[in-house]
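*Asks:* pasting the structure only:
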């Protein structure tokens, strides 16, 4: 099927046009906001549309691929033409995405990565028929499986399969940390609406003021304002939780993980379906993430750190969205036994607690105290309460960070844990560690503590784990026991 050079499906042209317009949405909005004042906007938009269509057609015409022996050939480039020849055994991940648009035309997006260190995104992106993508995926995986079975001894070749349950999806949606992100999104929307209001001269603020008496609200007692604000947060949290339950049930619908001892295959999604395969031997670390509620309930979201997958924006190599310790022992340790941790775990000394708290507290005080004094128009007592709430909250969360921080050294793995609002425990294969750096300031040196920065073998920029304010004597154990 792939013996001769072939192009992407013609749907690639339409998707590329939509993508380019989506990336320029802000300019388009500005053009519509100012269309009355600038005569050149309509000709400019027309010329831009024509240029986008031409670029998309030329790009589609120049991108070609084929299978040649045990390699994938990929040609692309408008000004600078590039020909890539990728052996199948160098391919780390194959990701198949099916959007609602794809379902109409029975197509899909196939992303293929080798994890080349100089490339920060997928090397090959194809838009092809669904049956063609599955055949290409099977060709590559069968080749890699044959190579792996020759090179390594697999202890367990039994198929392991797990499908997420409705109860697990519900718990995941409820416990996933979302309030701060949602409030941030609300702030962005409010700022955007303000820009639209100013640009189009729409009386949005006046309309809201006519229904909401802000002077009357601000005139209430401090206790009433605090209770009202707390009640508003509760209502927002409940609404956001309901939205997340619906969203996550659609996004993670029928989440399935299957392993044959060589590859881990994952698929999920109701409207936009996603499928990807991760070679087990190329998984260098596992990340166990927990929000506040998940820490209390002892449940985790499990992600893989691997070369090739997770190097694009918002792309994560999700292994399983919700798991407890029993699931880890029975399923994950069977899937990836080389990333099971057994060893001693060290915590930061108590004398390091001020180092966790002082820096961020001083930064927040330097930001919010001047705002309260010179900018804010709230009652003075309410300003004091808000600033104290922020500072005390930060102290509590930094103390939680201190309690969560730890560094464990096993026979073949390292366990690094940190975080407060989101706790992350990362189990790293020692053979996948590129470097370990010890950092210390004069204050840390005085009490004999330091930060350890562990750089993991991956092509994703900034994929390093930092463990704060640990006893400096741990460096001897690290350097003497680690296999690099």
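*Replies:* That came through fine. Predicted, not measured: the structure shown is a model, and the values here were computed from it.
*Asks:* going forward, measure contacts between C-alpha atoms and count neighbours the same way
*Replies:* Noted.
*Asks:* so, low pLDDT: which residues of the stretch 51-200 of the chain?
*Replies:* Applying pLDDT under 70 to the stretch 51-200 of the chain flags residues 78-79, 115-123, 144-158, 177-200.
*Asks:* all helices for it, in order.
*Replies:* Assigned helices in the stretch 51-200 of the chain, in chain order: 100-105, 130-151, 166-175, 179-200 (criterion: DSSP state H, counting those that start in this stretch).
*Asks:* buried residues in the third one?
*Replies:* For helix 166-175, a neighbour-count test (16 or more other C-alpha atoms under 10 Å) marks 169-170, 172-175 as buried.
*Asks:* which among these gets closest to residue 126?
*Replies:* Nearest to residue 126 among the buried residues of helix 166-175: residue 169, at 31.2 Å, using C-alpha to C-alpha.
*Asks:* with adjacent residues omitted, what lies nearest to that closest one?
*Replies:* Nearest non-adjacent residue to residue 169, counting by C-alpha to C-alpha, 6 or more residues apart in numbering: residue 249, 6.4 Å away.
*Asks:* same question, residue 408
*Replies:* Here the nearest residue to residue 408 in space, its sequence neighbours aside, is residue 345; by C-alpha to C-alpha, 6+ apart that works out to 3.9 Å.
*Asks:* pretty sure residue 301 is touching residue 289, no?
*Replies:* Yes: counting by C-alpha atoms under 8 Å, residue 301 does reach residue 289; the two are 5.1 Å apart.
*Asks:* pLDDT score for residue 338?
*Replies:* Confidence at residue 338, expressed as pLDDT, is 88.
*Asks:* around it, how many other residues sit close by?
*Replies:* The number of residues packed around residue 338, counting by other C-alpha atoms under 10 Å, is 17.
*Asks:* quick one, what contacts it?
*Replies:* Contact partners of residue 338, counting by C-alpha atoms under 8 Å, 6 or more residues apart in numbering, are 412, 429.
*Asks:* Three-state assignment for it, please.
*Replies:* Secondary structure assignment for residue 338 (DSSP: H, G, I helix; E, B strand; the rest coil): helix.
*Asks:* quick one: it and residue 346, what's the gap?
*Replies:* Separation of residue 338 from residue 346 (C-alpha to C-alpha, to the nearest Å) stands at 22 Å.
*Asks:* mind putting the buried residues of helix 166-175 into CSV with distance to residue 353?
*Replies:* Formatted as CSV, the buried residues of helix 166-175 follow (distance: C-alpha to C-alpha, whole Å):
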residue, distance to residue 353
169, 37
170, 36
172, 32
173, 33
174, 31
175, 28
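*Asks:* and of those residues, the nearest to residue 453?
*Replies:* The shortest separation between residue 453 and any of the buried residues of helix 166-175 is 29.6 Å, and it belongs to residue 175 (by C-alpha to C-alpha).
*Asks:* three-state assignment of the closest residue to that closest one other than its chain neighbours?
*Replies:* With sequence-adjacent residues excluded and distances taken as C-alpha to C-alpha, 6+ apart, residue 175 is closest to residue 293, at 5.4 Å. Using three-state DSSP, the three-state assignment for residue 293 comes out as helix.
*Asks:* okay, now residue 293: neighbour count?
*Replies:* Applying other C-alpha under 10 Å, we find 16 other residues in the vicinity of residue 293.
*Asks:* and it, what pLDDT?
*Replies:* At residue 293 the predicted local confidence, pLDDT, stands at 89.
*Asks:* ok, residue 35 next?
*Replies:* We have a pLDDT of 56 for residue 35.
*Asks:* which secondary structure state does the residue nearest to residue 295 when sequence neighbours are not counted sit in?
*Replies:* Counting by C-alpha to C-alpha, 6+ apart, the nearest residue to residue 295 once its immediate chain neighbours are dropped is residue 423, at 7.6 Å. Each residue gets one of three states, and residue 423 gets strand by three-state DSSP.
*Asks:* point out where the stretch 351-484 of the chain drops to low pLDDT.
*Replies:* Low-confidence segments of the stretch 351-484 of the chain (pLDDT under 70): 376-378, 458-462, 483-484.
*Asks:* mind listing what's buried along stretch 274-285?
*Replies:* When burial is assessed from 16+ other C-alpha under 10 Å, stretch 274-285 yields the following buried residues: 274-280, 282-285.
*Asks:* returning to what we had before: measure the residue nearest to residue 175 to residue 234 for me?
*Replies:* With C-alpha to C-alpha as the criterion, residue 293 and residue 234 are 15 Å apart.
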